[in-house]
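# I'd like to go over a predicted model; first the sequence, then the structure.
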Amino acid sequence: MNNNNRLFCALLYLSLHPLSALADDELIDKAFYPYRAAIPEADGLNTGMLIESDNVERFKELLDPAMLGFIRQGWTRIEVAPTTSFDLHPHYLEATRKHLNSAKLGANPGEISGTIAGRPFPAEPDAADPRAGEKLAWNVKYGYNWGDSAIISPFIWKYRNMDTAEVERTIGMTMNFLNFTNRVNQPPLPAITPNPSNKFRAIYLNIDSPQDLRNTQLLIHRFNNDLKRDNSWLYLGFQRRVRRLATGQMTDAFLGSDLMIEDFEGYNGRIADMRWSYQGTRFMLMPFYNHNDLALDEGSTDSEGYRMVAFDGKGNCFPRITWQLRKVYQLQATPLNTFARHPLSKRVHYVDAQTFAVSRTVSYDRQGEPWKTFTIGKAHPDQHLPINKGSGVALDDSFSMIDMQAMHCTTGQFKGQVDSEQSKPEIFSVQYLRATGN
């Protein structure tokens, strides 16, 4: 090809693909496919190896402080698996592309406009941007966690004594999720109507066992207007009545567990309630895995042959999973009312850069001492139940909330399904709580 032909082809390509479009494509590609160009590596880290107390110092830069401490003490160990891409659904990417640059922060934290669907701020965070942390928090809120709707059933919580490994209590529940707006995959798109109060998302939880808690129900409505406080209701089966939860109860121990309602899904609160600080990007070992490749809990086999994640380590408080070296944003959240009501001085979230899953969190008490650490294991949807294949949802598949000061933990085992038929809008109403309760 002569020079004139090369020039003609170049001009033709640019006419069909303007520079702005090329830049946008590069931005989207970098945000959603961080491992396409290269798989992260660390000196001496190999697939299949175990990181234990005798070799953990070599890899301390790849771990958060709490997990590093656990391994140093011999409480747990990490098995390294290959880094794999957790591709989000193509419709979520397309929504991000379609609405690129439409999201704008308001003058104050918690104010935003232009969020229709997709990731609001897909560009890499800029350390020089004083609101970079807030943008990451919005990406978490409008992420693709559980997609447009899903169900976890059964959802098994166990309260454990870390010193004795005694299981003090087991609670079985069902949990449903539904996005009313910012929908990208399950009709109607991009929103469910009518929606007069402009709800963004709802969570519904119903206790199945034990008998003394059976039919206790929790309903949470979160709004697109982040300055508006969540509406939350609790139905107590033994009282047969619905009561609205006060704001302060979101940070109480939920049903005597080690979790607050505010802890759900990594962070279950308003952007406006926290001061968000971006603390850098790094490669870390994170709890991402293929569920079907694990040594699962044989005692949890159901009628369909599904098995849940097993637990081991100190007090059986650690999920028996594999971990991947992944790109992570470190994000600190400081409660704005710390010394008034909130029990924490800060949380440090380790946010997966590809999925925006909050899979590791370390929480600090009001004196600034490490208090609790939260692991949410993420399973690849294509290596799970058949109904989840192709969903593009990084599935919540196991959790462990460890109270390091009380030597106690609450663990969670999931059977999660991305299934709109089991999360109908009518479930997410106060009327449904009353009808189901009675």
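Ah, there it is. Numbering: from 1, shown residues only.
# ok, T76 touching N316?
No: look at T76 against N316 with C-beta atoms under 8 Å: they stay out of range, at 10.4 Å. Every C-beta, even on glycine, is put in place using the N, C-alpha and C of the backbone.
# quick one: low-confidence parts of the stretch 251-400 of the chain?
Under the criterion of pLDDT under 70, the regions of the stretch 251-400 of the chain flagged as low confidence span 338-340.
# hey, where'd the helices end up in it?
According to DSSP state H, counting those that start in this stretch, the stretch 251-400 of the chain carries no segments that qualify as helices.
# Please measure how far the first residue of stretch 328-346 sits from its last one.
For stretch 328-346, the first and last residues are 19 Å from each other (C-alpha to C-alpha, to the nearest Å).
# How far off centre is that stretch?
Counting by C-alpha atoms, centre = their mean, to the nearest Å, stretch 328-346 is centred 18 Å from the centre of its parent chain.
# Show me the contact partners of it.
Under the contact criterion C-beta atoms under 8 Å, 6 or more residues apart in numbering, stretch 328-346 has outside partners 125, 133, 136-137, 248, 251, 260, 267, 272-284, 286, 347-353, 363-368, 371.
# Would you list the buried entries among the residues you listed?
Among the contacts of stretch 328-346, those buried by neighbour count (16 or more other C-beta atoms under 10 Å) are 125, 133, 136-137, 251, 260, 267, 272-274, 276-279, 282-284, 286, 347-353, 363-364, 371.
# What distance do you get for the spatially closest residue to R282 that is not a sequence neighbour to D87?
In this structure, R282 finds its nearest non-sequential neighbour in V328, 5.7 Å apart by C-beta to C-beta, 6 or more residues apart in numbering. Applying C-beta to C-beta, to the nearest Å, one obtains 18 Å for the distance of V328 from D87.
# likewise V348?
27 Å.
# and what of N108?
Here N108 is placed at a distance of 35 Å from D87 (C-beta to C-beta).
# more crowded one of these two?
Taking neighbours as other C-beta atoms under 10 Å, N108 and D87 compare with D87 leading, 18 against 8.
# Tell me where the stretch 151-300 of the chain has strands.
For the stretch 151-300 of the chain, strands defined by DSSP state E, counting those that start in this stretch occupy the ranges 167-179, 199-209, 217-223, 231-236, 241-244, 274-286, 288-289.
# Which other helices and strands does the first one contact?
By that I understand strand 167-179. strand 149-161, strand 199-209 (3 or more C-beta pairs under 8 Å, 6 or more residues apart in numbering; DSSP states H and E).
# Kindly report the same for the fourth one.
Other elements packing on strand 231-236 under the criterion 3+ C-beta pairs under 8 Å, 6+ apart are strand 217-223, strand 241-244, helix 430-437.
# what does the shortest one give?
Applying 3+ C-beta pairs under 8 Å, 6+ apart, one finds that strand 288-289 makes contact with strand 322-335, strand 370-379.
# hang on, the earlier thing: got the helices and strands packed on strand 231-236 as CSV, with distance to K30, mean pLDDT and mean neighbour count columns?
What follows is the helices and strands packed on strand 231-236, written out as CSV (distance: least, C-beta to C-beta, whole Å; pLDDT from 0 to 100; neighbours: other C-beta atoms under 10 Å):
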stretch, distance to K30, mean pLDDT, mean neighbour count
strand 217-223, 29, 96, 21
strand 241-244, 44, 90, 13
helix 430-437, 43, 88, 15
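# can you list these in JSON lines and add distance to T83?
Shown next, in JSON lines, are the helices and strands packed on strand 231-236 (distance: least, C-beta to C-beta, whole Å):
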{"stretch": "strand 217-223", "distance to T83": "32"}
{"stretch": "strand 241-244", "distance to T83": "45"}
{"stretch": "helix 430-437", "distance to T83": "42"}
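# Out of the ones you listed, flag the one nearest G392.
Relative to G392, the nearest member of the helices and strands packed on strand 231-236 by C-beta to C-beta is strand 217-223, separated by 21.8 Å.
# Outside of that closest one itself, which residues are in contact with it?
The set of residues that contact strand 217-223 without belonging to it, under C-beta under 8 Å, 6+ apart, is 197-207, 230-235, 237, 261, 268, 428-430, 432-433, 436-437.
# swap in stretch 162-170?
Outside of stretch 162-170, the residues within contact range by C-beta under 8 Å, 6+ apart are 156-161, 209-210, 256, 314-317, 402, 407-409.
# ok, 10 Å please
75, 156-161, 209-210, 213, 255-257, 311-317, 402-404, 406-411 (C-beta atoms under 10 Å, 6 or more residues apart in numbering).
# Buried ones among the residues you listed?
75, 156-161, 213, 255, 257, 311, 313-317, 402-404, 408-411.
# Hmm, V351 is touching A137, no?
Yes: the pair formed by V351 and A137 meets the contact definition of C-beta atoms under 10 Å, at 9.1 Å.
# Overlap in contacts, the two.
Common contacts of V351 and A137, defined by C-beta under 10 Å, 6+ apart, comprise Y267, Y278, L331, V358.
# Which one of the residues you listed is nearest to Q186?
Looking at those and their distance to Q186, the nearest is V358, at 22.9 Å (C-beta to C-beta).
# now the residue lying closest to G437 once chain neighbours are set aside, which residues is it bridged with?
The shortest distance from G437 to any non-neighbouring residue, by C-beta to C-beta, 6+ apart, is to Y235 (4.9 Å). Going by DSSP bridges, Y235 is paired in beta bridges with Q217, V242.
# how near is Y235 to A246?
Using C-beta to C-beta, Y235 is found at 16 Å from A246.
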